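Trainee: pasting the structure only:
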């Protein structure tokens, strides 16, 4: 069975080699690797090109401007040929048996999200290992770098909603879970290593999260408006140096 792995990147010269190496040296060999670059201006693409020959034609690369990380992920999903799809960002990396573990659990034709444990790193040192259950999605997102999603789920229930600039992965999982047609399967093994560096600044991400919570009726309109006003006021005061 072919498994597609997607990495989206932009100016990732410091970390992308480790990400690529983690895919290249997977114990499971039937892997198609897709790299979607946002037209990097540093050495990212030079590093990517050095690895292409080692994948023996199993690497697809596109480098062009995009409309954000989730637009790039959608591009990668549309390019994917595998029955199972994993997304590992350019500052994260897989455990050597990550794909083998998920491929073993995969059942043909099933709409499913398989998710495992993730090791969080701070300054390259392990801080914690965690697995956040899908049973509590209304409170907190499961760890996306450790998720593998079946092609059938993407085809039936859709891709990332790019209206969310920072939490479209959370929206995707909520949409799938609430559909009732996607099975969520926890895997009690470390799948990915995650560096605690987000793509969004905290204020922008929090405002995006508030929009999602309102849209899914996780918070009321009044609570939403108050939280949004307080967040913007706090950002304004910080900008004034107070």
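Mentor: Arrived safely. If you're wondering where the values come from, they're calculated on a predicted model, not measured in any experiment.

Trainee: So which residues of the protein form strands?
Mentor: Per DSSP state E, the chain has strands spanning 3-9, 31-37, 59-63, 84-87, 93-94, 112-122, 125-130, 147-150, 183-195. These are given in chain order.

Trainee: packing partners for the lengthiest helix in the chain?
Mentor: In terms of residue count, the longest helix belonging to the chain (DSSP state H) is helix 221-239. With contacts taken as 3 or more CB pairs under 8 Å, 6 or more residues apart in numbering; DSSP states H and E, helix 221-239 sits against helix 202-215. Every C-beta, even on glycine, is put in place using the N, C-alpha and C of the backbone.

Trainee: ok, back up a step: now tabulate the strands of the chain in TSV and tack on mean neighbour count and distance to residue 160.
Mentor: Supplementary listing: the strands of the chain in TSV, determined by neighbours: other CB atoms under 10 Å; distance: least, CB to CB, whole Å:
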stretch	mean neighbour count	distance to residue 160
strand 3-9	25	11
strand 31-37	23	12
strand 59-63	18	17
strand 84-87	25	10
strand 93-94	24	20
strand 112-122	20	14
strand 125-130	11	23
strand 147-150	24	11
strand 183-195	18	17
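
Trainee: Throw those into CSV and include mean pLDDT and distance to residue 75, thanks.
Mentor: Listed next are those as CSV, based on pLDDT from 0 to 100; distance: least, CB to CB, whole Å:
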stretch, mean pLDDT, distance to residue 75
strand 3-9, 98, 8
strand 31-37, 98, 5
strand 59-63, 98, 7
strand 84-87, 98, 12
strand 93-94, 98, 21
strand 112-122, 93, 20
strand 125-130, 82, 29
strand 147-150, 98, 16
strand 183-195, 95, 21
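
Trainee: Redo the ones you listed as TSV? Include distance to residue 165.
Mentor: Below are those laid out as TSV (distance: least, CB to CB, whole Å):
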stretch	distance to residue 165
strand 3-9	14
strand 31-37	17
strand 59-63	21
strand 84-87	17
strand 93-94	24
strand 112-122	22
strand 125-130	25
strand 147-150	19
strand 183-195	20
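
Trainee: Nearest approach to residue 138 belongs to which of these?
Mentor: Across these, residue 138 has its closest neighbour in strand 183-195 (13.4 Å, CB to CB).

Trainee: Note down every partner strand of that closest one and its orientation.
Mentor: Taking DSSP bridges as the criterion, strand 183-195 pairs within the sheet with strand 93-94 (antiparallel), strand 112-122 (parallel).

Trainee: neighbouring contacts of the longest one?
Mentor: Around strand 112-122, the neighbours that count as contacts under CB atoms under 8 Å, 6 or more residues apart in numbering are 98, 101-102, 105-106, 126-131, 134, 142-143, 145-150, 153, 173, 176, 182-196.

Trainee: angle of it against strand 125-130?
Mentor: Calculated by axes from the mean of the first three to the mean of the last three CA atoms, to 10 degrees, strand 112-122 forms an angle of 150 degrees with strand 125-130.

Trainee: so how far is the longest helix of the chain from its chain's centroid?
Mentor: For helix 221-239, the separation from the chain centroid amounts to 27 Å (computed by CA atoms, centre = their mean, to the nearest Å).

Trainee: Name the surrounding residues that touch that helix.
Mentor: Residues from elsewhere that reach helix 221-239, judged by CB under 8 Å, 6+ apart: 203, 206, 207, 210, 213, 214, 219.

Trainee: Run a quick neighbour tally on the third one.
Mentor: Which is residue 207. The number of residues packed around residue 207, counting by other CB atoms under 10 Å, is 18.

Trainee: shouldn't residue 58 be in contact with residue 33?
Mentor: Yes. At 6.0 Å, residue 58 and residue 33 qualify as touching, with contact defined as CB atoms under 8 Å.

Trainee: If we ignore the residues flanking it in sequence, what's nearest residue 156?
Mentor: Residue nearest to residue 156 in three dimensions, not counting chain neighbours: residue 111, with 5.8 Å by CB to CB, 6 or more residues apart in numbering.
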